[in-house]
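Colleague: build me a model from this:
(2 chains)
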Amino acid sequence: TQLLEQSPQFLSIQEGENLTVYCNSSSVFSSLQWYRQEPGEGPVLLVTVVTGGEVKKLKRLTFQFGDARKDSSLHITAAQPGDTGLYLCAFRNSGGSNYKLTFGKGTLLTVNP
Amino acid sequence: DTEVTQTPKHLVMGMTNKKSLKCEQHMGHRAMYWYKQKAKKPPELMFVYSYEKLSINESVPSRFSPECPNSSLLNLHLHALQPEDSALYLCASSQGGGILNEQFFGPGTRLTVL
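Modeller: Okay, here's the model as predicted:
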């Protein structure tokens, strides 16, 4: 079974600080997705990365996919209270069911004003 | 339309009740999913329907019964639930099972079993 390690599990920071969340596995991902989930809502897809070494930017969020496609990171610059939420990485691995995503345990981010 | 809708938003039911959760998407997606999510945990896959046929059942107890009446609708029938079944139930859809498999989630139904 391919496991996905996500860290840190909890993060509480002040508005304006920068932060990075990590997703790692011992196996290769065919693709990896990042979601953000606000309290009481469903996860919202932020980005999908496919190519090793890929970097994608979404406003103050920067997503990187490792060269070997075994790890990914999400960096937030100048965090705002609106960034508060549960950040989830998820991958569809190369083998197994085409429909199944494996989620990391999530990073619960709190940005204090 | 890039939205997945779910009804009801909240549901409280007793252990002897029968209720149903509903999900709808109009993105032309051919795969639809039910997930269960406990507080501060990632979603756990329950069922996958592909082209209106049940493709994956993650060993879910029979008190949960999914139904896919057509390609846009997905139901989850609930009967004789236990208090530990209280959770956020999420529906999602995707184009299919391709390499991206980008799933779009609904807002969820908050279920409380008394």
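
Colleague: from here on, contacts and neighbour counts on C-alpha atoms
Modeller: Noted.

Colleague: can you classify the nearest residue to residue A:42 once chain neighbours are set aside as helix, strand or coil?
Modeller: Leaving out its chain neighbours, the residue that sits closest to residue A:42 by C-alpha to C-alpha, 6 or more residues apart in numbering or on different chains is residue B:107, at 4.3 Å. Judged by DSSP: H, G, I helix; E, B strand; the rest coil, the three-state class of residue B:107 is coil.

Colleague: residue B:107: what's it in contact with?
Modeller: Counting by C-alpha atoms under 8 Å, 6 or more residues apart in numbering or on different chains, residue B:107 makes contact with A:40, A:41, A:42, A:43, B:4, B:5, B:6, B:9, B:90, B:91.

Colleague: pretty sure the fourth one sits against residue A:85.
Modeller: No. In this structure residue A:43 lies outside contact range of residue A:85 using C-alpha atoms under 8 Å: 9.7 Å.

Colleague: common neighbours of those two, please.
Modeller: Shared contacts of residue A:43 and residue A:85, counting by C-alpha under 8 Å, 6+ apart, come down to A:36, A:37.

Colleague: who's more crowded, the two?
Modeller: residue A:43 (26 against 21; other C-alpha atoms under 10 Å in any protein chain shown).

Colleague: so what's residue 12 up against?
Modeller: Since you didn't name a chain, this refers to chain A. With C-alpha under 8 Å, 6+ apart, residue A:12 has these contacts: A:109, A:110, A:111, A:112.

Colleague: actually, chain B is the one I wanted.
Modeller: Residues B:111, B:112, B:113, B:114 are the ones in contact with residue B:12 under the rule C-alpha under 8 Å, 6+ apart.

Colleague: can you give me the strands for chain A?
Modeller: A:5-7, A:10-14, A:19-24, A:29-37, A:44-49, A:55-58, A:61-65, A:71-76, A:85-93, A:102-103, A:107-112 (DSSP state E).

Colleague: output these as TSV; include the columns distance to residue B:23 and mean pLDDT.
Modeller: What follows is the strands of chain A, written out as TSV (distance: least, C-alpha to C-alpha, whole Å; pLDDT from 0 to 100):
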stretch	distance to residue B:23	mean pLDDT
strand A:5-7	30	94
strand A:10-14	31	97
strand A:19-24	30	97
strand A:29-37	19	91
strand A:44-49	16	94
strand A:55-58	29	96
strand A:61-65	31	97
strand A:71-76	31	97
strand A:85-93	22	89
strand A:102-103	22	89
strand A:107-112	27	97
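
Colleague: next, the residue nearest the centre of chain B: phi, psi?
Modeller: Central residue of chain B (C-alpha atoms, centre = their mean): residue B:34, 2.8 Å from the mean position. With angles defined as degrees, to the nearest 10, residue B:34 sits at phi -120, psi 130.

Colleague: for it, which non-adjacent residue is spatially closest?
Modeller: residue B:91 (4.7 Å).

Colleague: can you count the residues close to the one you found?
Modeller: Around residue B:91 there are 33 residues (other C-alpha under 10 Å).

Colleague: which of the helices or strands spans it?
Modeller: If you go by DSSP states H and E, residue B:91 is part of strand B:87-94.

Colleague: which neighbours in the sheet does that strand have, and how are they oriented?
Modeller: strand B:31-37 (antiparallel), strand B:104-105 (antiparallel), strand B:109-113 (antiparallel) (DSSP bridges).
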